[in-house]
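Colleague: what shape does this take:
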Amino acid sequence: MFYAAFCLIFIITCAALLRKAHVPYACSAAAGLGLALALLASIALAQNYNYSRIPGIHDGLGISNIVAYWIIGEDFWSHERFNRAFEASLLWTLLVTAAVPVVILLEARFRRRSE
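Modeller: Below you'll find the model as predicted:
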């Protein structure tokens, strides 16, 4: 939960700063940043889930990286929870991946109309 809130605040702040600095295609850059953060989360959760399935890597069940810890937290660890977090992250990554071209096209269209 911490990771999602941090990412949302970070992306909105970056978009606002880029727009204030009159950077062209600021929303597209922010969407690309969102995609990079979603990919980071998916990779971290994939690593955590895979490491939780391999006996001997952790003494019991553990979190393998800090990003996975920020997403999953400390409560109710299980293989199923790790898998659900990974699958949800994949879904969000696919949605953000699909949204990036839409944002780019909309921003280009609005930019052409304003010129």
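Colleague: show me where this structure dips below the pLDDT cut-off.
Modeller: Counting by pLDDT under 70, the chain contains low-confidence ranges at 1, 58-59, 115.
Colleague: what residue lies at the spatial centre of it?
Modeller: Nearest residue to the geometric centre of the chain (CA atoms, centre = their mean): residue 38, 2.1 Å.
Colleague: would you agree it is in contact with residue 96?
Modeller: Yes - using CB atoms under 8 Å, residue 38 makes contact with residue 96 at a distance of 4.6 Å. To be clear about C-beta, it is placed using only N, CA and C from the backbone, and glycine gets the same treatment.
Colleague: tell me which element residue 95 is part of?
Modeller: helix 79-114 (DSSP states H and E).
Colleague: picking that back up, Three-state assignment for the residue nearest to the centre of the chain, please.
Modeller: Of the three states, residue 38 takes helix under DSSP: H, G, I helix; E, B strand; the rest coil.
Colleague: distance-wise, check it relative to residue 78.
Modeller: 24 Å (CB to CB, to the nearest Å).
Colleague: pull the contacting residues for residue 89.
Modeller: Contacts were defined as CB atoms under 8 Å, 6 or more residues apart in numbering; by that measure residue 89 touches 38, 41, 42, 45, 71.
Colleague: report how many residues lie close to the fourth one.
Modeller: Right, the one you point to is residue 45. 27 (other CB atoms under 10 Å).
Colleague: got a list of what it touches?
Modeller: Taking CB under 8 Å, 6+ apart, we find residue 45 in contact with 67, 68, 71, 72, 82, 85, 86, 89.
Colleague: what's the distance between it and residue 13?
Modeller: Taken as CB to CB, the span from residue 45 to residue 13 is 24 Å.
Colleague: again with the second one
Modeller: Going from residue 41 to residue 13 by CB to CB gives 18 Å.
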